[in-house]
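[1] Mind looking at a prediction? Sequence and model below.
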Amino acid sequence: MEVAAASEDCCVKVAVHVRPLIGDEKLQGCKDCVTVTPGKPQVQIGAHSFTFDHVYGSTGSPSSSMFEECIVPLVDGLLQGYNATVLAYGQTGSGKTYTMGTGFKDGCQTGIIPQVMNTLFSKIESLKHQTDFQLHVSFIEILKEEVRDLLDPASLNKSDTESPNAGKAHVPGKPPIQIRESSNGVITLAGSTEVSVRTLKEMAACLEQGSLSRATGSTNMNNQSSRSHANFTITLEQMSKLNPISGDGSPNDITSEEYLCAKLHLVDLAGSERAKRTGSDGLRFKEGVHINKGLLALGNVISALGDERKQKGACISPADINAEETLNTLKYANRARNIQNKPVVNRDPMSNEMLKMRQQLEYLQAELCARGGSDEVQVLRERIAWLEAANEDLCQELQEFRCRCTIVNQHEIDAQGGSPCSIKSDGLKRNLHSIESSDYQMGETMLASDSRGIDEAVAKEWEHTLLQNTMDKELHELNRRLEEKESEVKLFGGDAVALKLHFGKKIQELEDEKRVVQQERDRLLAEIENLSAGSDGQKQKAQDIHAQKLKSLEAQILELKKKQESQVQLLKQKQKSDEAAKRLQDEIQFIKAQKVQLQNRIKQEAEQFRQWKASREKELLQVRKEGRRNEYERHKLQALNQRQKLVLQRKTEEAVMATKRLKELLEARKSSVRDNSAIANGNGINGQTNEKALQRWLDHELEVMVNVHEVRFEYEKQSQVRAALAEELAVLKQVDEFASKWLSPPRGKNGFSSAATSPMASQLSEAEERERAFTNRGRWNQLRSMGDAKNLLQYMFNSLGDTRCQLRGKDMEIKEMKEQLKELVGLLRQSELRRKEVENELKLREQADAVALATAATGNSTNSLRHVADDMNGSLSPMSVPAQKQLKYSPGVVNGPGREPAAFKDQTRRMVPLGQLPIKKLVAIGQAGNGKLWRWKRSHHQWLLQFKWKWQKPWRLSEWIRHSDETLIRARPHSQALKHRV
Ligand SMILES: Nc1ncnc2c1ncn2[C@@H]1O[C@H](COP(=O)(O)OP(=O)(O)OP(=O)(O)O)[C@@H](O)[C@H]1O
């Protein structure tokens with residue numbers, strides 16, 4: 001790798017080291033699967049081709065040149081103050097340890113690290129006359145995310161007595177090494193041992209010691225596999241003595257020193273392979289899982305060690321059995337080439353800083369001397385310093401204000417788009433909680449969504465108050481700052497004018513003085529000229545006097561010039577102050593603009609909140625209406641459900657009874673068959689007995705047949721009902737989610753459970769089984785004589801005659817019922833018309849109520865509101881009776897007493913299902929509020945009809961209709977006519 005110039009970007013250099021096939025691989029008959037393109041740093045494996053910075057081994061460049069080409073430049077860089085890292089990457093057994101030399105034993109010189117040590121010490125030797133060097137080494141390994149110190153003296157002692165690997169165990173008492181990140185982002189290994197070394201031998205001993213302490217294990221691919229990442233770090237500190245050359249070419253008296261400190265990390269990574277591939281045992285697998293994490297930790301350590309040069313050696317095995325892992329390694333190495341780096345020289349930051357400060361001091365001192373020490377200058381300087389400090393303070397305040405503005409903005413955004421959850425402060429939560437509990441507690445019957453809505457409302461309101469407060473504070477603060485700044489500017493401006501006048505006057509004075517002195521000088525010069533015409537002695541004397549005067553005048557002029565210059569300087573300073581004042585003015589303008597913006601925002605926010613509140617109140621009103629309707633629906637459905645349950649229960653009981661009867665009949669038939677065979681065999685007492693027995697037998701047979709028919713009918717009907725119920729439930733759920741919540745499907749003993757249908761099924765199958773046995777003529781086997789047959793036939797004829805007569809009677813009944821039904825339908829139509837009329841009436845009344853309610857809400861008449869509420873309770877809630885439990889509903893911000901809806905006005909009343917009311921009450925209710933009752937009755941009646949047609953036996957229809965009519969008569973005040981007809 002070429003040594004890059006300082007601060008020049010460079011990529012990570014990658015060199016591939018292809019080792020030869022080793023013994024085991026040869027034994028297994030492995031073949032080379034990696035080829036190196038001759039003369040090029042290019043590797044091919046299968047159809048893949050990769051180009052790197054260097055390729056060594058297996059007919060690439062010889063491995064021996066690797067150190068010279070790749071590592072020596074890094075060692076040179078180390079001496080120039082550059083950090084560097086060499087990483088060996090590859091699968092287990094690919095030769096990383098061999099290449100790096102971290103398996104250093106008995107002074108073996110192969111491997112990068114031993115060669116680095118040799119080269120470094122020889123270079124130090126050649127430079128030691130001009131530079132002081134100090135070397136330190138540290139050696140750590142990262143195993144399963146744990147950083148271990150391989151040079152820890154405690155583990156050194158331990159490993160003397162125990163096996164090398166036992167030394168790896170954590171030594172009690174010594175805290176483990178921790179990776180720490182300082183506030184400025186520098187990552188350090190806290191607690192790792194840094195051994196100071198002076199000779200090559202000492203450094204080699206450290207390497208050997210650490211190598212022996214490394215964790216090793218056996219894998220399918222390497223008997224002596226290193227199971228950890230190992231990092232051997234060489235730290236080189238150097239102090240060079242520099243004698244800078246002065247301008248005239250002579251060595252400068254001041255000797256400056258340059259301190260450099262750089263590190264070289266030499267890393268042997270753990271195998272990159274997948275655990276399965278290596279056949280690692282449980283422990284190894286665990287290691288494998290941790291290897292990547294460890295690699296990350298190591299990456300952190302190394303990459304944070306500063307801008308450095310990195311060299312990556314990708315070790316690969318050429319064996320075809322490792323082809324997959326080799327390909328992975330090459331792909332990874334290829335990607336690593338794209339990593340960019342920017343190496344810099346690691347000078348001691350402190351000495352650099354000190355040098356800079358020293359230079360600055362000198363410069364300032366020189367400037368101070370040049371400006372002289374007049375009082376005015378001093379005053380001005382102090383004034384400037386004060387102004388600068390004030391300006392700085394103001395800038396800081398401005399910054400703070402901007403931050404606060406941003407926070408307020410953010411808060412506003414949250415408030416508009418976010419949920420109440422965005423309010424984080426505990427205090428706020430507490431407040432929210434208290435508001436919730438005091439003002440916003442909703443009744444148990446309120447829906448969850450309603451309470452969520454209320455929560456939201458509270459949060460929103462609180463948020464609004466908070467925002468308003470914050471913005472008010474901000475505005476107040478802004479006003480204060482503005483006042484301050486304006487007063488400062490005034491001060492500034494006033495002073496500035498005074499100063500300008502003062503300095504102008506001063507300069508003018510100096511100009512005048514200078515002019516006077518110059519005139520004096522000219523006069524003297526003229527006098528000297530005149531004197532040149534006098535006697536020599538006098539001339540000389542006068543000349544001397546004049547020369548002296550002239551000299552003093554020249555000095556005076558010089559002095560004045562200096563003063564003038566300093567005044568000019570002061571004027572410049574003054575200009576600067578003016579600029580600062582202007583900046584202050586700009587800032588004031590900016591604050592004013594901010595203030596206007598803030599005021600606008602406050603207004604806007606207040607308006608938004610007002611609108612939101614208004615819409616919220618509307619929504620709440622709507623929700624309450626909905627709630628009442630839902631409550632009514634719920635009770636209606638509950639009553640429906642209850643009735644449905646009762647009907648179903650009775651049906652199930654009937655079905656069970658029919659099944660039981662069938663069972664008994666079947667049992668009885670068994671015994672009768674036995675009796676009959678006894679009779680047939682001549683055991684009977686006489687012919688009459690035989691005849692009676694045969695008749696009983698026939699009755700029984702017919703009964704069985706009818707019963708089987710009944711059970712089968714019940715069975716099929718139950719199946720249909722079950723299907724119909726399921727269908728109905730699904731429809732109900734779809735139509736009204738809320739209703740489905742309250743409508744529990746018929747289950748268990750109340751429903752058509754399999755407990756009811758399965759005995760039916762078993763009895764039916766038994767009956768069928770027996771029926772099959774009697775098919776053809778089997779049934780009549782017991783008729784032994786013509787006489788028996790004739791008797792039985794006569795009996796059958798009689799029984800058939802009776803049955804037919806009964807049937808005729810039933811037919812007539814049905815006919816009557818049909819006529820009745822027709823009549824009922826006519827009545828239903830009439831009642832429908834009546835219902836519509838009542839509904840219209842009700843609508844008109846409701847509208848009138850709404851108007852009255854609106855008037856009451858404006859607070860004009862509390863009495864009228866109460867009247868309206870009472871009215872509504874009386875007429876619109878036919879099912880209201882004194883409640884056992886009160887609604888938890890107390891007036892809050894949005895539901896003050898003036899706006900409380902009429903339905904909640906009387907909290908001692910609540911909705912109850914109509915079915916639970918006594919008849920007297922029902923009649924009273926029916927008289928008081930025909931509209932509601934009729935509406936309820938209509939839907940209930942419709943359901944009943946539907947239910948009857950679906951599930952009831954036709955001959956029970958009349959019963960249902962009668963029941964329905966009775967209800968109608970009781971409930972309807974003008975139902976005399978109907979009563980008469982029924
Ligand atoms: N360039 C090479 N020439 C000859 N033998 C080599 C070479 N590289 C590695 N070997 C041999 O291959 C075997 C495995 O090498 P090494 O232990 O260095 O692999 P590794 O990649 O460090 O494995 P692990 O990750 O399991 O520690 C060793 O027996 C080693 O002597």
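    That came through fine. Numbers count the residues shown, from 1 in each chain.

[2] Run me through the strand neighbours of the helix or strand where H136 lies, direction for each.
    Following DSSP states H and E, one finds H136 within strand 131-143. Using DSSP bridges, strand 131-143 pairs in its sheet with strand 146-149 (antiparallel), strand 195-197 (antiparallel), strand 229-242 (antiparallel).

[3] Now the element after the last one, going C-ward?
    Tracing the chain C-terminally past strand 229-242 and defining elements by DSSP H and E, one meets strand 256-268 next.

[4] Output that following strand as PDB, restricted to C-alpha atoms.
    Output of strand 256-268 as PDB, limited to C-alpha atoms (Å, rounded to 0.1, in the frame of the first residue of the first chain):
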ATOM      1  CA  SER A 256      10.200  23.800  20.000                       C
ATOM      2  CA  GLU A 257       9.200  20.300  20.600                       C
ATOM      3  CA  GLU A 258       6.900  18.200  18.500                       C
ATOM      4  CA  TYR A 259       4.900  15.400  20.200                       C
ATOM      5  CA  LEU A 260       3.400  12.600  18.100                       C
ATOM      6  CA  CYS A 261       1.400   9.600  19.200                       C
ATOM      7  CA  ALA A 262       0.200   6.900  16.900                       C
ATOM      8  CA  LYS A 263      -1.200   3.400  17.200                       C
ATOM      9  CA  LEU A 264      -0.900   0.300  15.000                       C
ATOM     10  CA  HIS A 265      -3.600  -2.300  15.500                       C
ATOM     11  CA  LEU A 266      -2.900  -5.800  14.300                       C
ATOM     12  CA  VAL A 267      -6.100  -7.800  14.400                       C
ATOM     13  CA  ASP A 268      -6.600 -11.500  13.900                       C
END
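
[5] Is it correct that V12 is in contact with I339?
    Yes: in this structure, V12 is within contact of I339 by C-beta atoms under 8 Å, at 4.4 Å. The way it works is simple: take the backbone N, C-alpha and C, and place the C-beta from them, glycine included.

[6] Those two: which is more packed in?
    The neighbour comparison of V12 against I339 (other C-beta atoms under 10 Å) goes to V12, with 20 against 13.

[7] Now do the same contact list for that one.
    Counting by C-beta atoms under 8 Å, 6 or more residues apart in numbering, V12 makes contact with K310, Q311, K312, A336, R337, N338, I339, Q340, N341.

[8] I'd like the residues you listed written out as a markdown table, with secondary structure, pLDDT and distance to the ligand added.
    Listed next are those as a markdown table, based on DSSP: H, G, I helix; E, B strand; the rest coil; pLDDT from 0 to 100; distance: C-beta to the nearest ligand atom, whole Å:
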| residue | secondary structure | pLDDT | distance to the ligand |
| --- | --- | --- | --- |
| K310 | strand | 65 | 19 |
| Q311 | strand | 70 | 17 |
| K312 | strand | 71 | 14 |
| A336 | helix | 83 | 17 |
| R337 | coil | 83 | 21 |
| N338 | coil | 81 | 24 |
| I339 | coil | 80 | 22 |
| Q340 | strand | 76 | 27 |
| N341 | strand | 74 | 25 |
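
[9] Give me the buried subset of those.
    The neighbour count (16 or more other C-beta atoms under 10 Å) marks K310, Q311, K312, A336, N341 as buried among these.

[10] Okay, and the beta partners of the second one?
    Partner residues in beta bridges with Q311: K13, V86, with DSSP bridges as the criterion.

[11] for it, what are its contacts?
    M1, V12, K13, V14, A15, C70, I71, L74, A84, T85, V86, L87.

[12] Buried ones from the residues you listed, can you make that a ChimeraX selection?
    The buried residues among these can be selected in ChimeraX (16+ other C-beta under 10 Å) with this line:
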select :1,12,13,14,15,70,71,74,84,85,86,87
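
[13] What is the nearest of the contacts of Q311 to S552?
    S552 lies nearest to A84 out of the contacts of Q311, by C-beta to C-beta, at 71.2 Å.
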